[in-house]
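Participant: Following is a predicted model, sequence given first.
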2 protein chains.
Amino acid sequence: MTTIREVAQRANVAPITVSRVLNNSGYFSQEIKDRVEAAAAELHYVPNMLARSLRSNRTQTLGLVLSDITNPFWTTVARGVEDAASQQGFNVILCNTDEKAAKQAEYLSVLLRKRVDGILLVPARSTPEAVQMIQKQGVQVVVMDRRVPGATVDTVRGSSTQGAYELVAYLLGLGHRRIAMLSGPENVSTAQERVQGGQQAFAMTNQPMAAMTVIYGEFTVDSGYAMTQQAVALTPRPTALFAANNFIAIGALKALRALGLRVPEDISVVGFDDLPASLVVEPFLTVAAQPAYAMGQRATELLLQRISAPEATPFQEVSLPTQLIIRQSCRAI
Amino acid sequence: MTTIREVAQRANVAPITVSRVLNNSGYFSQEIKDRVEAAAAELHYVPNMLARSLRSNRTQTLGLVLSDITNPFWTTVARGVEDAASQQGFNVILCNTDEKAAKQAEYLSVLLRKRVDGILLVPARSTPEAVQMIQKQGVQVVVMDRRVPGATVDTVRGSSTQGAYELVAYLLGLGHRRIAMLSGPENVSTAQERVQGGQQAFAMTNQPMAAMTVIYGEFTVDSGYAMTQQAVALTPRPTALFAANNFIAIGALKALRALGLRVPEDISVVGFDDLPASLVVEPFLTVAAQPAYAMGQRATELLLQRISAPEATPFQEVSLPTQLIIRQSCRAI
DNA sequence: AAATGGTATGGTAACGGTACCATAGCACAG
DNA sequence: CTGTGCTATGGTACCGTTACCATACCATTT
């Protein structure tokens, strides 16, 4: 592995001069530049970023800590992150926590040891410890998708409250009065806000007979399936289901199919988070779509800005609007 | 940021002793261990992997270079990679090439500069230059999914030939004689092998009237859509379509729906690569499913083995069997 | 003519670890 | 009682860069 010194020797200059040429920093003449570049090429010189990073305290690397890359929502977020990062010369280390605090802690610890310049975090817990631990080490962090009470940190989220409000308002407008919300974990802020948004819609319509039953579970297909079984067993049976994320929606549709209930003839369904058009032959489900790619992109840009100018702006809480996409999964009553 | 020297000072030992305790290497007494660990904890010491890596020439980091994480096949592969890597204490840097040689070259260059211990590569081109360039720098590499003629390298692939053979044999068994293959790029080995596998099935049945028309395109939804339009315009019209990957299949189904052709009543469709059960409400398409997760896992294990013992075994070409999953997208003729 | 400042290059000392070698006590074999 | 080898600890140099400071030429300003 050739070093900058060998290149310097061959080009008959000092190592620092090679550094300047290759990093295009400071002054150097055209002649020196040519000589250095020729020498580097001849020796197949590959700069050692470890040494550079050790000296300069910058790794040009970000950590992306999310629950599960297998969920197309996160996949799309990840793609947005990767694109935004690579555009500014940063790489991304991918970490799946599966919502487990222990895995998250281990990954964060490794990322700090690797001295990443910043971390994009989807916190597995809504407690501020993880965020504070990162900040205490002087590493920049941006939280995505979730609220972390007690932490002073940049946050980029979809507007869960608004999306849920619109979905439920839409259902109420169609005449539905008994809606079952198939929610995520009670202690995750997105789940909480989707419940609140739905309840606000109920509050606005002022229909005394209307009611939203909330069932708490996990953001998974299996949980969606199970919650749907509970929901349809309610008496009187809800006329509409509100799935709090895409996996729950898939589980719900699977369960309804197994139960022989047609959508929307027998029961209406709405969901949170859209599926990419590349994965669905015929989009069918009415959803509140979050701008997943934009979320990753925005969060990364914010993080990179923080890295280059930590104190330039006060902490931000960016809220990206959701989009109500009405398809064929609901009918009027 | 506290250093090993500060910890050493506080514990009243030499820095090297701290290193030994924290890495659990060499000899040290229980008393020293306790003192060092206490000092490290009190100072919130976070080891600097950059310094460690610079000295030891190991980064505990892998590069994962694939076409597009957004394709659920690659998502699943990536998850397999990440799980296998993290289990052995390695992190993964994610790189999307979008099949572009320039992006691939740039990413590979950065990965080498960052001194990753190994690279998992889905080559954008079937030429061996990229692989050889990595190997010349002394970095281990395992190729996934594709064949790279001319390179001496470990490879983990799905058995495209077998999968295609089984799909076409299945169609022929149902009585289909005119099949259109909606293929990927002509210069990508997986596309080539899927064509060959199909042709082998034709050769075996020995039906003089049977014919497979091959249309080349991209592994994308749009291309699948366009190729389908071409395919159904053929006279006589094919009775079955063979989509060479999942995106092409989705594009094909979209096109057929737009054209008012029902599947399987009007035309049969088979595809390569399954979609995860978590993304599909009612699995419908008959496919040759590749073990995506296992591919990522196997490739990573192979890579890690190479890293720890480069010469232990000769280069391997692992071929993972595909699974024929018969659903409802084909009918007998 | 002296001062100023941009251009061009080099020397030295870190950055924070660990590889390698050295030292020394002590138990046990021969 | 010498030799051997295990246990326990330390010293020093080095991994490959770049931050920082220094030097020196030359053109322009005052």
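Facilitator: Done, it's in. From a predicted model like this one, the values you see are computed outputs, not experimental measurements.
Participant: What is the neighbour count of the residue in the stretch 51-200 of chain A that DNA strand D sits nearest to?
Facilitator: Distance from DNA strand D to each residue of the stretch 51-200 of chain A (CB to the nearest atom of the strand) is smallest for A:Ala51, at 3.2 Å. For glycine as for every other residue, the C-beta is placed from the backbone atoms N, C-alpha and C. The burial count assigned to A:Ala51 is 16, neighbours taken as other CB atoms under 10 Å in any protein chain shown.
Participant: same question, A:Thr205
Facilitator: If you count neighbours by other CB under 10 Å, A:Thr205 ends up with 13.
Participant: quick one: stretch A:105-113 near chain B?
Facilitator: Yes - counting by CB under 8 Å from any CB of the partner chain, chain B has neighbours in stretch A:105-113: A:Tyr107, A:Ser109, A:Val110, A:Leu111, A:Leu112, A:Arg113.
Participant: Separate out the buried members of those residues.
Facilitator: A:Tyr107, A:Val110, A:Leu111, A:Leu112, A:Arg113 (16 or more other CB atoms under 10 Å in any protein chain shown).
Participant: re the thing from before, from the residues of stretch A:105-113 next to chain B, which is closest to A:Val142?
Facilitator: For A:Val142, the nearest member of the residues of stretch A:105-113 next to chain B is A:Leu111. The distance, counting by CB to CB, is 13.5 Å.
Participant: The closest one and A:Thr59 touch, don't they?
Facilitator: No - A:Leu111 sits out of contact with A:Thr59 when judged by CB atoms under 8 Å, with a separation of 10.2 Å.
Participant: Which parts of chain A are strands?
Facilitator: For chain A, applying DSSP state E gives strands covering A:61-66, A:91-96, A:118-121, A:140-144, A:154-158, A:178-183, A:211-216, A:240-243, A:268-272, A:286-289, A:317-320, A:323-325.
Participant: Reformat the buried ones among the residues of stretch A:105-113 next to chain B as CSV; add distance to A:Gly80 and pLDDT.
Facilitator: Written out in CSV, the entries for those read as follows (distance: CB to CB, whole Å; pLDDT from 0 to 100):
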residue, distance to A:Gly80, pLDDT
A:Tyr107, 20, 98
A:Val110, 23, 97
A:Leu111, 19, 98
A:Leu112, 24, 97
A:Arg113, 26, 97
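Participant: Please flag which of the residues you listed sit within helices.
Facilitator: Secondary-structure check on these using DSSP state H: residues within helices are A:Tyr107, A:Val110, A:Leu111, A:Leu112, A:Arg113.
Participant: sorry, back to before: got the residues of stretch A:105-113 next to chain B as a markdown table, with distance to DNA strand D columns?
Facilitator: Putting the residues of stretch A:105-113 next to chain B into a markdown table (distance: CB to the nearest atom of the strand, whole Å) gives the following:
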| residue | distance to DNA strand D |
| --- | --- |
| A:Tyr107 | 26 |
| A:Ser109 | 22 |
| A:Val110 | 20 |
| A:Leu111 | 21 |
| A:Leu112 | 20 |
| A:Arg113 | 16 |
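Participant: Can you lay out those residues as a markdown table showing distance to A:Pro264?
Facilitator: As requested, the residues of stretch A:105-113 next to chain B are arranged in a markdown table below (distance: CB to CB, whole Å):
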| residue | distance to A:Pro264 |
| --- | --- |
| A:Tyr107 | 42 |
| A:Ser109 | 48 |
| A:Val110 | 47 |
| A:Leu111 | 45 |
| A:Leu112 | 49 |
| A:Arg113 | 52 |
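Participant: Return the member of those nearest to DNA strand C.
Facilitator: Nearest to DNA strand C among those, with distances taken as CB to the nearest atom of the strand, is A:Arg113, at 8.8 Å.
Participant: which non-adjacent residue is nearest the closest one?
Facilitator: Spatially, and ignoring its direct neighbours in sequence, A:Arg113 is nearest to B:Met49 (4.6 Å; CB to CB, 6 or more residues apart in numbering or on different chains).
Participant: Hmm, A:Val148 is touching A:Val131, no?
Facilitator: Yes - in terms of CB under 8 Å, A:Val148 counts as a neighbour of A:Val131; the distance is 5.6 Å.
Participant: shared neighbours of those two, which are they?
Facilitator: By the contact definition CB atoms under 8 Å, 6 or more residues apart in numbering or on different chains, A:Val148 and A:Val131 are jointly contacted by A:Pro123.
Participant: Can you report how many residues lie near the residue lying closest to A:Ile215 once chain neighbours are set aside?
Facilitator: Closest residue to A:Ile215 apart from its sequence neighbours, by CB to CB, 6+ apart: A:Met227 at 4.7 Å. Counted with other CB under 10 Å, residues neighbouring A:Met227 total 25.
Participant: Same question for A:Gln30.
Facilitator: Neighbouring residues of A:Gln30 were enumerated by other CB under 10 Å; the total is 7.
Participant: For chain A, which residues are neighbours of DNA strand D?
Facilitator: Listed as neighbours of DNA strand D in chain A under the rule CB under 7 Å from any atom of the strand: A:1, A:3-5, A:15-16, A:19, A:22-23, A:25, A:45-48, A:51-52, A:54-56.
Participant: Got a quick PyMOL command for the buried subset of these?
Facilitator: A single PyMOL command selects the buried members of the residues of chain A next to DNA strand D (16+ other CB under 10 Å):
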select buried, chain A and resi 3+4+19+22+45+46+47+48+51+52+54
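Participant: Against DNA strand C, which of the residues of chain A next to DNA strand D make the cut? List them.
Facilitator: The subset of the residues of chain A next to DNA strand D within reach of DNA strand C, counting by CB under 7 Å from any atom of the strand, consists of A:Pro15, A:Ile16, A:Ala51, A:Leu54, A:Arg55.
Participant: can you list those residues in a markdown table and add distance to chain B and pLDDT?
Facilitator: As requested, those are arranged in a markdown table below (distance: CB to the nearest CB, whole Å; pLDDT from 0 to 100):
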| residue | distance to chain B | pLDDT |
| --- | --- | --- |
| A:Pro15 | 16 | 93 |
| A:Ile16 | 18 | 93 |
| A:Ala51 | 6 | 96 |
| A:Leu54 | 4 | 96 |
| A:Arg55 | 9 | 94 |
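Participant: Compute the number of surrounding residues for the residue nearest to A:Met212 when sequence neighbours are not counted.
Facilitator: Sequence neighbours aside, A:Ile179 is the residue nearest to A:Met212 in space, at 4.9 Å (criterion: CB to CB, 6+ apart). Using other CB under 10 Å, A:Ile179 has 25 neighbouring residues.
Participant: In contact with A:Ile179, which residues?
Facilitator: Contacts for A:Ile179 were tallied using CB under 8 Å, 6+ apart; they are A:Val168, A:Leu171, A:Gly198, A:Ala210, A:Ala211, A:Met212, A:Thr213, A:Pro238, A:Thr239, A:Ala240, A:Leu241, A:Phe242.
Participant: If we use 7 Å, what do you get?
Facilitator: By CB atoms under 7 Å, 6 or more residues apart in numbering or on different chains, the contact set of A:Ile179 is A:Val168, A:Leu171, A:Met212, A:Pro238, A:Ala240, A:Phe242.
Participant: Would you mind measuring from the nearest residue to A:Gln316 once chain neighbours are set aside to A:Gly260?
Facilitator: The shortest distance from A:Gln316 to any residue that is not its chain neighbour, by CB to CB, 6+ apart, is 5.2 Å, and that residue is A:Asp154. As judged by CB to CB, to the nearest Å, A:Asp154 and A:Gly260 stand 48 Å apart.
Participant: Equivalent analysis for A:Gly296, please.
Facilitator: Computed with CB to CB, the distance linking A:Gly296 and A:Gly260 is 39 Å.
Participant: Look at those two and report which has more neighbours.
Facilitator: A:Gly296 (29 against 7).
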